[in-house]
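*Asks:* have a look; sequence and predicted model below, questions after that.
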Amino acid sequence: MSRILLLEDDISLADGLCYSLEKNEYTVETAESVREAKELLARSQYDLLLLDVTLPDGTGFEVCEAVRGQGNQVPIIFLTASDEEMNVIRGLDSGGDDYIGKPFKLGELLSRIRALLRRAGVTREEDVLTRQRSLVCGDIEIDLAGSRVLLQGKKLELTQVEYRLLCLLVRSCGRVVTREIIFEELWDKSGNFVDDNTLSVYIRRLREKVETDPSRPEHLITARGFGYCWQEVQV
């Protein structure tokens, strides 16, 4: 279970968020002030921080800056009653990963939490893979340092989204990657979500580049009703 620190001085909102997050299988600890949040951070590790901006003894920006100043790259989402441009810029400049304006829909917050947690996990995995410099799976080789892909020794011309999608599938070779996980992986910080139709287009375009016969794919297989699976194909 992922551990979340919630910094929120509105007790009613904090109680409601704790209940909802715990129902979604997150472990939540709460703080009502900057001082209390810093104390919790000094003795515990968290997988994600939810920080209110305006607090009795300071701002969530201060907590974020302190965390980043220690080299901690834990995902951070700001909960703000104002989505004015200056506040958004201040939050992102202080090291935040995302912000969501109050009032917000629980489903949107949960989606953003899942996306950031997944990205954090993928980043840690990619750090290891990058030290290995490349990822080889049958007839495909991904140069992680150079962001290049070779299929049977020939370079593929991929867009950024196609490259990210391919990396996700190849890393999970032989296992089905659900559409939900793919949606979260391709979600961007500006709040744009990849919908079902767009994903189908990306899959079709990727097949046109990696398959000898896209109508009879050997690499990128559809798991009907679930998602997609990358199959290793030997040269």
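*Replies:* Good, I have the coordinates.
*Asks:* so what's the residue count around Leu5?
*Replies:* 23 (other CB atoms under 10 Å). Every C-beta, even on glycine, is put in place using the N, C-alpha and C of the backbone.
*Asks:* kindly confirm my reading that it is in a strand.
*Replies:* Yes. Under DSSP: H, G, I helix; E, B strand; the rest coil, Leu5 falls within a strand.
*Asks:* next secondary structure after the worst-scoring helix or strand of the chain on mean pLDDT?
*Replies:* One helix or strand of the chain scores below all others by mean pLDDT, DSSP states H and E: helix 106-132, with a mean of 69. The C-terminal neighbour of helix 106-132 among helices and strands, as given by DSSP states H and E, is strand 134-137.
*Asks:* following that next one, which helix or strand comes up?
*Replies:* strand 140-143.
*Asks:* what about the following helix or strand past that following strand, distance to the chain center?
*Replies:* Moving toward the C-terminus from strand 140-143, the next helix or strand (DSSP H and E) is strand 148-151. Chain-centre distance of strand 148-151: 24 Å, with CA atoms, centre = their mean, to the nearest Å.
*Asks:* mean confidence for the helix or strand just after strand 148-151?
*Replies:* Using DSSP H and E, the helix or strand that directly follows strand 148-151 along the chain is strand 154-155. Averaged over strand 154-155, pLDDT sits at 92.
*Asks:* for stretch 10-29, same thing?
*Replies:* 91.
*Asks:* and it, how far from the chain's centre?
*Replies:* For stretch 10-29, the separation from the chain centroid amounts to 21 Å (computed by CA atoms, centre = their mean).
*Asks:* and the contacts of that stretch?
*Replies:* 1-6, 8, 30, 32, 40, 44, 46, 50, 52, 102, 106, 110, 113 (CB atoms under 8 Å, 6 or more residues apart in numbering).
*Asks:* rerun that using 7 Å as the cut-off
*Replies:* Met1, Ser2, Arg3, Ile4, Leu5, Leu6, Glu8, Thr30, Leu40, Leu106, Leu110 (CB atoms under 7 Å, 6 or more residues apart in numbering).
*Asks:* pull out the buried positions in the helix or strand that contains Ala14.
*Replies:* Ala14 is part of helix 11-23 when elements are defined by DSSP H and E. Residues of helix 11-23 classed as buried: Ala14, Leu17, Cys18, Leu21 (neighbour count, 16 or more other CB atoms under 10 Å).
*Asks:* and stretch 98-114, by the same measure?
*Replies:* Buried residues in stretch 98-114, defined by neighbour count with 16+ other CB under 10 Å: Asp98, Tyr99, Ile100, Leu109, Ser111, Arg112, Ile113, Arg114.
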